[in-house]
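Enquirer: my questions concern the predicted model and sequence given below.
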Amino acid sequence: MENIEIRESRPDDLAAIEALYPDAFPDEDLLPLVKDLLQETPPVLSLVSTIDAVLVGHVIFTWCHVGSDTDTQHAPRLPSPRRDNDEESVVPSSRPVCSP
């Protein structure tokens, strides 16, 4: 049986996180953006998923404002290989929901 875990990322996950992005986005270099987001203040929520202790997924949530200045919420930035013209994909786009 596979051991699946979702947890907050740790500094020692960075090399494995960096290895995910070229496979998920072969036509885009998102590593500079990912590294910048991981250094943001206030901190982002960075989650990784592992199967049998091997890192297999990553998601970043950043702070942003939606609506009035008092409505602060997390917005996901989800890595996925989906393109905007790919209607069959159920994976969210790699574009941020809102900008910081």
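Expert: Looks like it came in fine.
Enquirer: okay, and E2 sits in which element?
Expert: Using DSSP states H and E, E2 maps to neither a helix nor a strand.
Enquirer: what pairs with the residue nearest to it when sequence neighbours are not counted across the strands?
Expert: The shortest distance from E2 to any non-neighbouring residue, by CB to CB, 6 or more residues apart in numbering, is to I51 (5.3 Å). C-beta coordinates here come from the backbone N, C-alpha and C atoms, glycine included. Under DSSP bridges, the beta-bridge partners of I51 are I4, V54.
Enquirer: do a quick rundown of the strands in this structure.
Expert: Remark: strands assigned in the chain by DSSP state E are 4-8, 45-51, 54-65, 72-77.
Enquirer: for this structure, give me the ranges with low pLDDT.
Expert: 65-100 (pLDDT under 70).
Enquirer: kindly export the longest helix seen in it (C-alpha atoms) in PDB.
Expert: When the chain is parsed with DSSP state H, its longest helix is helix 14-24. Provided in PDB are the C-alpha atoms of helix 14-24 (Å, rounded to 0.1, in the frame of the first residue of the first chain):
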ATOM      1  CA  LEU A  14      13.600  22.700  -2.600                       C
ATOM      2  CA  ALA A  15      15.700  20.500  -4.900                       C
ATOM      3  CA  ALA A  16      12.800  18.000  -5.300                       C
ATOM      4  CA  ILE A  17      10.400  20.900  -5.900                       C
ATOM      5  CA  GLU A  18      12.700  22.400  -8.600                       C
ATOM      6  CA  ALA A  19      12.800  18.900 -10.300                       C
ATOM      7  CA  LEU A  20       9.000  18.900 -10.600                       C
ATOM      8  CA  TYR A  21       8.500  22.000 -12.700                       C
ATOM      9  CA  PRO A  22      10.400  21.200 -15.900                       C
ATOM     10  CA  ASP A  23       8.400  18.000 -16.200                       C
ATOM     11  CA  ALA A  24       5.100  19.800 -15.600                       C
END
